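Q: Could you work out the structure for the sequence below:
(one chain, ligands or ions: 1)
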Amino acid sequence: MAGEGSAWLAGLEERAAAVLAPEVRDYVALGSGRMVTLREAEAAWRIPRLAPHVLRDTTTVDLSVDLLGTRAAVPWHVAPISLLRAVHPDGDLAVARATAAAGAVMTVSSNTGTGFAQIGATGVRWWLQVYLPADRTLAGPLLDRAVEAGAEAVVLTVDTPVVASRESGGPTVWDVVDPALVGVNFDPGYDTRTAAAKALDLGPHDLDWLAARTGLPVVVKGVLRPDDARRCVQAGAAAVWVSNHGGRQLDRAVATASCLPAVVDAVAGDAQVYVDGGLRRGLDVLTALALGADAVFLGRPVPWALAEGEPGVSRLHAELRTELTEALRLAGCRGVADTRGLIAPVPPTPR
Ligand SMILES: Cc1cc2nc3c(=O)[nH]c(=O)nc-3n(C[C@H](O)[C@H](O)[C@H](O)COP(=O)(O)O)c2cc1C
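A: Predicted coordinates for the structure are as follows:
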């Protein structure tokens, strides 16, 4: 029914908030500091204006994109989210199955509570997300397990030298979550070792090390500046992922919608460019593609949908497909490549 899909997506966060334990709800929903960055994320996608094409045949609309050299059926994919098993007992496996069926790629958090082999066995195309520890060699066993289980790329998160503080009183998710649901792919005792603290000295050489250690393409997640994007490309990154960690790291960091175009320009086609942060609807995806992203990643919508189990995640993919297809037709685009040049060269009309 027309409009129903929109209503389902619009109510996603509220429905999840009603069923999740308060500590889990807050872990997913909130951000760091005063949450300035978190609050700006969604609205930033609504600032650019689109100049649609007309008189174009959009009978057939192709949503597929190239992702690290392989075709993916849709341009939205799943960002790494830890603690999915605290959201729903089926956790990562439900997300993996629904995401595989949608033809999207799942990025798996290194802290996940599900074995990589089990995730790989669902048939989903998946990438491993990692933080590197001060002693890089401690990451070796985790990387080996991921390669063994079929990870197709390794995503190095670079915006988390330390975990940013949150201004929350009361119990947090860490007071309620079963420790057995976290970090099951590390060697036993990994987190307790001092050297396993996150590296404060990450540098371009770490990209080389990761590529050599895994034999996989390296994606750098958490880039907001064109100069850093260029350094990533020069260091051999296969893709640069524009992200402020969903407003969970440096508060007052710039909205990803605002800095995406400059990063796209700086990368100049020498690597792929992805983006996440505040993408919720088909029109947000269209805007990100029009601004030059090769693909987008969804963070919070995934655990919110997972609160409704695997059917919820399947429906998230289905609703996005419906919304993006409609948006592409309205914009006169037959596919993702046609979205380039859609951004109107005029500022939005003041309200
Ligand atoms: C509950 C939660 C857990 C996350 N866990 C990770 C993680 O383990 N590794 C990582 O690189 N990013 C993590 N992120 C950040 C996401 O990958 C992504 O960058 C962000 O959520 C995108 O913004 P959005 O939530 O507005 O879509 C997490 C985000 C949330 C909300």
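Q: Tell me which residue in this protein sits closest to the ligand.
A: With distances taken as Cβ to the nearest ligand atom, the chain approaches the ligand most closely at residue 299, which sits 2.2 Å away. Where you see a C-beta, it was placed from the backbone N, CA and C, and this is true even at glycine.
Q: what about that residue, neighbour count?
A: 23 (other Cβ atoms under 10 Å).
Q: what's the distance between residue 31 and residue 145?
A: Taken as Cβ to Cβ, to the nearest Å, the spacing of residue 31 relative to residue 145 amounts to 31 Å.
Q: which residues sit against whichever helix in the chain runs longest?
A: Here the longest helix in the chain is taken by residue count, with DSSP state H as the criterion, and it is helix 309-330. The set of residues that contact helix 309-330 without belonging to it, under Cβ atoms under 8 Å, 6 or more residues apart in numbering, is 5-6, 8-9, 12, 52, 58, 61, 63, 74-76, 88, 90, 94-95, 97-99, 101-102, 104, 281-283, 285-286, 298, 301-302, 304-306, 308, 334-335, 338-339.
Q: Over to stretch 204-219?
A: Residues lying outside stretch 204-219 but in contact with it, judged by Cβ under 8 Å, 6+ apart, are 68, 127, 130, 132, 136, 140, 143, 146-147, 151-156, 199, 220, 231-232, 234-241, 274.
Q: Of these, keep whichever come out buried.
A: Burial by neighbour count, 16 or more other Cβ atoms under 10 Å: within these this picks out 68, 127, 130, 132, 136, 143, 146-147, 151-156, 199, 220, 231-232, 235, 237-241, 274.
Q: circling back: the longest helix of the chain close to the ligand?
A: No - where contact is defined by Cβ under 6 Å from any ligand atom, no part of helix 309-330 touches the ligand; the two come within 11.9 Å at best.
Q: Any stretches of this protein with poor pLDDT?
A: Within the chain, the stretches falling below the threshold (pLDDT under 70) are 1-5, 192-193, 347-351.
Q: Might you enumerate the residues of it proximal to the ligand?
A: 27-28, 41, 79-82, 109, 111, 129, 157, 221, 243, 245-246, 248, 276-279, 298-300, 303.
Q: mind listing which of these are in strands?
A: Restricting the residues of the chain next to the ligand to those inside strands, with DSSP state E as the criterion, leaves 129, 157, 221, 276, 298.
Q: tell me which element residue 53 falls in.
A: With secondary structure defined by DSSP states H and E, residue 53 is part of neither a helix nor a strand.
Q: Can you add neighbour count and give the ones in strands among the residues of the chain next to the ligand back as JSON lines?
A: Formatted as JSON lines, the entries for those read as follows, by neighbours: other Cβ atoms under 10 Å:
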{"residue": "129", "neighbour count": "25"}
{"residue": "157", "neighbour count": "23"}
{"residue": "221", "neighbour count": "25"}
{"residue": "276", "neighbour count": "29"}
{"residue": "298", "neighbour count": "25"}
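Q: Which pair in those residues has the greatest spatial separation?
A: Looking at those by Cβ to Cβ, the two members farthest from one another are 157 and 298, with 16.2 Å of separation.
Q: related to what we said a few turns ago, just the ones of the buried ones among the contacts of stretch 204-219 in helices?
A: When those are checked against helices (DSSP H), the matches are 143, 146-147, 231-232.
Q: where along the stretch 1-150 of the chain do the strands fall?
A: Taking DSSP state E, counting those that start in this stretch as the criterion, the stretch 1-150 of the chain contains strands spanning 65-67, 70-72, 76-78, 105-108, 125-130.
Q: ok, the first one: who's next to it in the sheet?
A: When you say that, I think you mean strand 65-67. Applying DSSP bridges, strand 65-67 is found paired with strand 70-72 (antiparallel).
Q: what comes up buried for the strand it pairs with?
A: So strand 70-72, judged by 16+ other Cβ under 10 Å, has buried residues residue 72.
Q: Quick one: residues in contact with that strand.
A: If you take Cβ under 8 Å, 6+ apart as the criterion, strand 70-72 is touched by 64-66, 103-105, 125, 152, 295.
Q: For the nearest residue to residue 52 once chain neighbours are set aside, list the residues it contacts.
A: With Cβ to Cβ, 6 or more residues apart in numbering as the criterion, residue 52 has its nearest non-adjacent residue at 4.4 Å, and that residue is residue 331. With contacts defined as Cβ under 8 Å, 6+ apart, residue 331 is in contact with 50, 52-53, 286, 338-339, 342.
Q: can you redo the residues you listed as a markdown table with distance to residue 319 and neighbour count?
A: As requested, the contacts of residue 331 are arranged in a markdown table below (distance: Cβ to Cβ, whole Å; neighbours: other Cβ atoms under 10 Å):
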| residue | distance to residue 319 | neighbour count |
| --- | --- | --- |
| 50 | 20 | 17 |
| 52 | 22 | 14 |
| 53 | 25 | 16 |
| 286 | 14 | 25 |
| 338 | 22 | 19 |
| 339 | 19 | 24 |
| 342 | 22 | 21 |
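Q: Could you measure from the spatially most central residue of the chain over to residue 68?
A: Among the residues of the chain, the one closest to the centroid is residue 79, at 2.6 Å (Cα atoms, centre = their mean). Going from residue 79 to residue 68 by Cβ to Cβ gives 16 Å.
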